[in-house]
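In: Sharing a model that was predicted from the sequence below.
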Amino acid sequence: MGADNGDCLLISFMDTDTTFNILVDGGTVNTFRRPNGAPGPLRLALDNLKGDSESIDLGILTHIDGDHIGGMKRAFETSGYLGSLTKKLWYNSSVLITERAKIPNIINNHIKLDKDNSAETSFKQAYTLEQILMASNYWHRELILAGQIFKEGPCTFTILSPNENDILELAKEWPKEYISAYTAGTQKSLTPSLPDLLARDIFKDDEAPANRSSIAFLLEAKNFKALLLGDAPDDIIRQSLHSMEYSDTNTLKLDFIKISHHGSKHNTSQDFLSMIETQAFIISTNGLGHLHPDRVTIARILHHHPNAKIYFNYENNIKLTFSSSEISLYGKNISTIQELDFYP
């Protein structure tokens, strides 16, 4: 769904008489409630679930960046929403990180709630998201780490990221930029051409501590497979896939992949793309703030998967990413998305 420059994905597995709902991240705070008080896409989606008497069977907060945690935080602090709808939550909070590192709890790392005195605000005595979660019975109070496998409802989750060493890097007080939702950017350049970008491509991995703590996983249900990569670094994902014996000669076949870090050039390498087969790449961002996706990421995808389709959740970001001539040339590879349906 539209999550500003962030991620917010609702995945529903529908059987004859049951639905299993997975919410991955919540986008920015505006994804739940707009500045004018109007409901955002996340709130509207949760209202639909409430109307159908459904729940969030599994919520996943991939990491602490504001463009992933903001809307979910607001949905927990609002009465009748995630605090009531969630059956299980994965979230590698600072509480769990400091417990694993065997150091004192760092209160300054807790996610502060908005100072909102409206009648719909829940947990009026709570000051942080952690206070809400520690009082709940749905928070999975163990770190989610690469190599773990979970079965939830009809789904199997193979965790690809984070590594324990990376997540323990956050066992210290976090700089404010770790949870900032926005970084000012300049206008994205539409030159050089995509082939020229590919010809001079040099890949450098994402070293941002918050991104290296991101939960990423392979999701399987019946014959369905997808990668949801949060903002996870490429080297961690490749290492996990290699440990599962995938390679450029034994590729992982997928129904879709949610590209890491909104298409950043530091999170999707050509080596990774040679290890997978899919016809659908999803890029979640409005293109503002960080100016994602990087055009060289698009060039890499089209080079390794020339028949695949790249789905954008904001139509305007297509015009920010491709020149008019490129839209004509690569039109069959570009689409907007609100929903994808699979029938495994």
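Out: Thanks, I have it. Bear in mind that the values here come from a model prediction, so they are computed numbers and not experimental data. Residues are numbered from 1 along each chain as shown.
In: So what's the residue count around residue 233?
Out: 28 (other C-beta atoms under 10 Å). Any C-beta I mention is one placed from the backbone N, CA and C, and that applies to glycine too.
In: That one - nearest residue in space that isn't next to it in sequence?
Out: residue 206 (4.3 Å; C-beta to C-beta, 6 or more residues apart in numbering).
In: swap in residue 234?
Out: Nearest residue to residue 234 in three dimensions, chain neighbours excluded: residue 269, at 4.7 Å (C-beta to C-beta, 6+ apart).
In: Now do the contacts for that neighbour.
Out: By C-beta atoms under 8 Å, 6 or more residues apart in numbering, the residues touching residue 269 are 203, 205, 234, 238, 300.
In: And the buried ones among the residues you listed, selectable in PyMOL?
Out: Remark: buried members of the contacts of residue 269, expressed as a PyMOL selection using 16 or more other C-beta atoms under 10 Å:
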select buried, resi 203+234+238+300
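In: Out of the contacts of residue 269, which comes closest to residue 71?
Out: Relative to residue 71, the closest of those is residue 234; by C-beta to C-beta it sits at 26.0 Å.
In: Look up how far residue 90 lies from that closest one.
Out: 22 Å (C-beta to C-beta, to the nearest Å).
In: three-state assignment of the residue nearest to residue 233?
Out: What DSSP: H, G, I helix; E, B strand; the rest coil gives for residue 206 is coil.
In: ok, for residue 174, nearest residue in space, not its chain neighbours?
Out: Excluding its sequence neighbours, the residue lying closest to residue 174 (C-beta to C-beta, 6+ apart) is residue 109, at 5.2 Å.
In: Low-confidence stretches in the stretch 101-250 of the chain?
Out: Residues of the stretch 101-250 of the chain meeting the criterion pLDDT under 70: 115-126, 177-186.
In: which stretches of it form helices?
Out: In the stretch 101-250 of the chain, the helices defined using DSSP state H, counting those that start in this stretch lie at 129-134, 164-167, 194-199, 209-212, 234-243.
In: Using neighbour counts, pick out the buried residues of the second one.
Out: Along helix 164-167, these residues count as buried under the neighbour rule (16+ other C-beta under 10 Å): 166, 167.
In: Provide the contact partners of it at residue level.
Out: With contacts defined as C-beta under 8 Å, 6+ apart, helix 164-167 is touched by 92, 97, 100, 143, 145, 146, 209, 212, 213, 236.
In: Do a quick rundown of the strands in the protein.
Out: In the chain, the segments counted as strands under DSSP state E are 9-14, 19-24, 58-61, 89-91, 149-152, 155-161, 216-221, 224-228, 252-253, 256-258, 276-277, 280-283, 309-312, 334-336.
In: any chance of those strands in TSV, with distance to residue 324 and mean neighbour count too?
Out: As requested, the strands of the chain are exported to TSV (distance: least, C-beta to C-beta, whole Å; neighbours: other C-beta atoms under 10 Å):
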stretch	distance to residue 324	mean neighbour count
strand 9-14	30	17
strand 19-24	34	22
strand 58-61	38	25
strand 89-91	43	22
strand 149-152	45	12
strand 155-161	37	21
strand 216-221	35	23
strand 224-228	32	22
strand 252-253	34	13
strand 256-258	27	23
strand 276-277	30	16
strand 280-283	20	24
strand 309-312	16	21
strand 334-336	12	15
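In: Tabulate those strands in CSV, adding columns for distance to residue 190.
Out: Output for the strands of the chain, formatted as CSV (distance: least, C-beta to C-beta, whole Å):
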stretch, distance to residue 190
strand 9-14, 28
strand 19-24, 31
strand 58-61, 34
strand 89-91, 38
strand 149-152, 42
strand 155-161, 32
strand 216-221, 30
strand 224-228, 28
strand 252-253, 32
strand 256-258, 25
strand 276-277, 27
strand 280-283, 17
strand 309-312, 16
strand 334-336, 14
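In: And these: which comes nearest residue 293?
Out: Judging the strands of the chain by C-beta to C-beta, what sits closest to residue 293 is strand 280-283, at 5.2 Å.
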